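J.: Pasting the sequence and the predicted model now:
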Amino acid sequence: MSRVHTLLIAWWLCLFAVVAQADTPASALLSSVDRTRVNTGETVELTLETDDATVFGKPDMSTLEADFEVRDTRQLNSLTTLEGNVHATTRWLITLMPKHSGSIEIPPLKLGAMTSQPITLQVVEVEPSAKGEQQKLDPVFMEASLDQDTVYVQAQALLTVRIYHSVSLFDDSNLTPLQVPDARIEKLGDTRTYEKQINGIRHGVIEMRYALYPQQSGDLVIPAQEFSATLVQDTPDAGAAAAIPPGAIAGAPKPGRLMRVTSLPMILKVKPQPANYPANTPWLPARSISLSENWSPDPAHSQIGDSLTRTLQLKAQGLSSAQLPPLPATEVSALRRYPDQPQLSNQAGERGLTGMREEREALVPNRPGAIDIPAVDLVWWNTQEDHLEHSALPARTLQVSTNPALAVDMPVSDNGGALNGAPIWPWQLSTVLLSFTTLLGFGLWWRARWQPALTRVAQAGPSPRTVLDDLKRASLANDPHATRQALDAWARQQPETLADMAARFVPLSDALDGLNGALYSETGKLWLGEDLWRAVKALPAVEKPQDPNGADSLPPLYPK
């Protein structure tokens, strides 16, 4: 029986291990390429990455042989420690050369139980004329090209500079800085390096891409660029003849010499702004423009005093963020507005720069009911289809309800029977209660007339001096929340409301705007309460009208 028990236990343990292994999620095998559009004869670098430290070996690349030639494979292991947690990452860098043109898919690659995602490449066939020109190329040569010959003023033109070399070069290579008069230049990403097969000879390629924005119409001259580098001196093995460098051709310069190559100058025709573009409107020539908005929290259930954050985002393909104009502000009398600083960013892609501008503002409703927010209309010029276009956000209506916590500050409705659609019976009930309390108070007063005089009891609530000290302490400590509470307590002891005091004393109104901005803004900026305390101390007293008949004055000492 002991053997049977042992076998049963072993069988159950194996079953639990299989179930646990099935339930454990497998690490992902991420795949990416350095570019998705290549010419025939050029290489592309595929990167596979995983953070599973238990995986050994390398991916199965047999599925790549149908459409690609695998040129090189490298494995990189990295180990990082963050807050006591060790994170291991393994990468495989695979250099591929497509065997034909067209749309080619890099198939999923397997590594143990993991599988990568497929990637689609666009391989463009090189024109036969270009191939014929490349038959007379030197071991090191340079070319520059534009994506278009004609652009509008301040529109984007892409300049690509490539250096080809069939011989090895030292790391002392140098390219003259690109300087184009009357044009603004933005470098697109980092320098790319890959390989290309030209006339059966393998060439290394160094590629730089720039976005040009002409500032004036007319012919824009792009000067020639110069590249210099030193050739590597090959050292043959002992006992072997000096080997010819891979890809070297007859007539190549001797190793160790400094090479200089230049590109040809180019002319870009710049068109002026179209005549039918609206006057006094920012000129925006772009491939595409999108305008979007986001609200936080949802404004569908907003109340008086709630802080609503409205985020407007403008995204333009073919323009930098510095060219994007400010978006219209939400100027509505029923909303207090507290804007943040705009956020600008650029993103480089295959089609050049994509500029983004994000503007955020805090909006605080100050009355109930429907609040209309106007539409936002942006005019721009479509450079792809060469016509005028509009990107707009529709108008919006906010339905703001009353806030019970701020019922004292709510404005009185013009509708005598209801406020913001509220039923009438609560007001009738409050009137009955007010009448009852008035009669009760009158009865207590009548009874108190016949009672003996009593010693006055000390005030139960905080004294005016204590409230003022709390306001001084909170404001000088630069605490906006504590200052707001102390300010409300102090205002309740004054003969007039806080709004009336701010209306007749401008320094107090400015100090209150600064306090509200610190409370409702999301930037967390530092607030200084010294101005508010100074305004409260300097608040002039309420002027009491004097009786023209002299009723408040003392009687004459010697009446006639």
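T.: Cool, got the structure. Residues are numbered from 1 along each chain as shown.

J.: Run through the helices of the stretch 301-450 of the chain in chain order.
T.: In the stretch 301-450 of the chain, the helices defined using DSSP state H, counting those that start in this stretch lie at 425-448.

J.: those strands in it, which residues are they?
T.: For the stretch 301-450 of the chain, the strands defined by DSSP state E, counting those that start in this stretch cover 302-303, 308-317, 335-339, 343-349, 352-365, 369-373, 376-382, 387-393, 396-401.

J.: Pick out the shakiest of those, pLDDT-wise.
T.: Looking at these, the lowest mean pLDDT belongs to strand 302-303 (a mean of 88).

J.: mind giving me TSV with the strands of the stretch 301-450 of the chain and columns for distance to residue 219?
T.: C-beta: built from backbone N, CA, C; applies to glycine. Below are the strands of the stretch 301-450 of the chain laid out as TSV (distance: least, CB to CB, whole Å):
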stretch	distance to residue 219
strand 302-303	56
strand 308-317	26
strand 335-339	42
strand 343-349	27
strand 352-365	22
strand 369-373	47
strand 376-382	21
strand 387-393	25
strand 396-401	47
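
J.: Looking at the ones you listed, spot the one closest to residue 175.
T.: strand 343-349 (18.5 Å; CB to CB).

J.: Point out the other elements, helices or strands, that the closest one touches.
T.: Identification of packing neighbours for strand 343-349 by 3 or more CB pairs under 8 Å, 6 or more residues apart in numbering; DSSP states H and E yields strand 352-365.

J.: Can you give the strand pairings for the strand it packs on, parallel or anti for each?
T.: The strands beside strand 352-365 in its sheet (DSSP bridges) come out as strand 308-317 (antiparallel), strand 335-339 (antiparallel), strand 343-349 (antiparallel).

J.: hmm, back to that, which one of the strands of the stretch 301-450 of the chain lies closest to residue 477?
T.: strand 335-339 (22.2 Å).

J.: What residues of that closest one count as buried?
T.: Using 16 or more other CB atoms under 10 Å as the test for burial, strand 335-339 gives 335, 336, 338, 339.

J.: next one: stretch 80-92
T.: So, applying 16+ other CB under 10 Å, buried residues of stretch 80-92: 90, 92.

J.: and the gap between residue 224 and residue 139?
T.: Distance, residue 224 to residue 139, by CB to CB, to the nearest Å: 20 Å.

J.: who's more crowded, those two?
T.: residue 139 (20 against 12; other CB atoms under 10 Å).

J.: Looking at per-residue confidence, what score does the more buried one get?
T.: For residue 139, the predicted pLDDT is 86.

J.: and if you look at the one 4 residues further on?
T.: Listed pLDDT for residue 143 reads 91.

J.: Could you report the neighbour count for residue 526?
T.: Residue 526 has 7 neighbours, counted by other CB under 10 Å.

J.: wait, isn't it in contact with residue 478?
T.: Yes: counting by CB atoms under 8 Å, residue 526 touches residue 478, with 7.0 Å between them.

J.: For stretch 186-193, which residues meet the burial criterion?
T.: 186, 188.

J.: Need the contact partners of it.
T.: By CB atoms under 8 Å, 6 or more residues apart in numbering, the list of residues contacting stretch 186-193 from outside reads 34-35, 158, 204-211, 213, 320, 346, 348, 352-353.

J.: before we move on, what about stretch 139-151?
T.: Identification of contacts with stretch 139-151 by CB under 8 Å, 6+ apart yields 157-167, 169, 214, 222, 225, 227, 229, 247-249, 252-253, 259, 261-264, 266, 268-271, 285, 383.

J.: Regarding it, how distant is the last residue from the first?
T.: End-to-end span of stretch 139-151 (CA to CA, to the nearest Å): 34 Å.

J.: Quick one: distance of that stretch to the chain centre.
T.: Here the centre of stretch 139-151 is set off from its chain's centre by 33 Å, with CA atoms, centre = their mean, to the nearest Å.

J.: ditto for stretch 508-521
T.: Counting by CA atoms, centre = their mean, stretch 508-521 is centred 27 Å from the centre of its parent chain.

J.: Next, the buried residues of that stretch.
T.: Neighbour-count burial for stretch 508-521, counted by 16+ other CB under 10 Å, picks out 508, 511, 512, 515, 516, 517, 518, 519, 520, 521.

J.: Turn those into CSV, including secondary structure.
T.: CSV is the format used below for these (DSSP: H, G, I helix; E, B strand; the rest coil):
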residue, secondary structure
508, helix
511, helix
512, helix
515, helix
516, helix
517, helix
518, helix
519, helix
520, helix
521, coil
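
J.: right, so the strands paired with strand 352-365: which one is the most enclosed?
T.: Of the strands paired with strand 352-365, the one with the most neighbours on average (mean count of other CB atoms under 10 Å) is strand 308-317, at a mean of 20.

J.: Count the residues that sit near residue 265.
T.: There are 11 residues near residue 265, going by other CB under 10 Å.

J.: Can you say which of the contacts of stretch 186-193 are buried?
T.: Neighbour counting with 16+ other CB under 10 Å marks 34, 158, 204-211, 213, 320, 352-353 as buried within the contacts of stretch 186-193.
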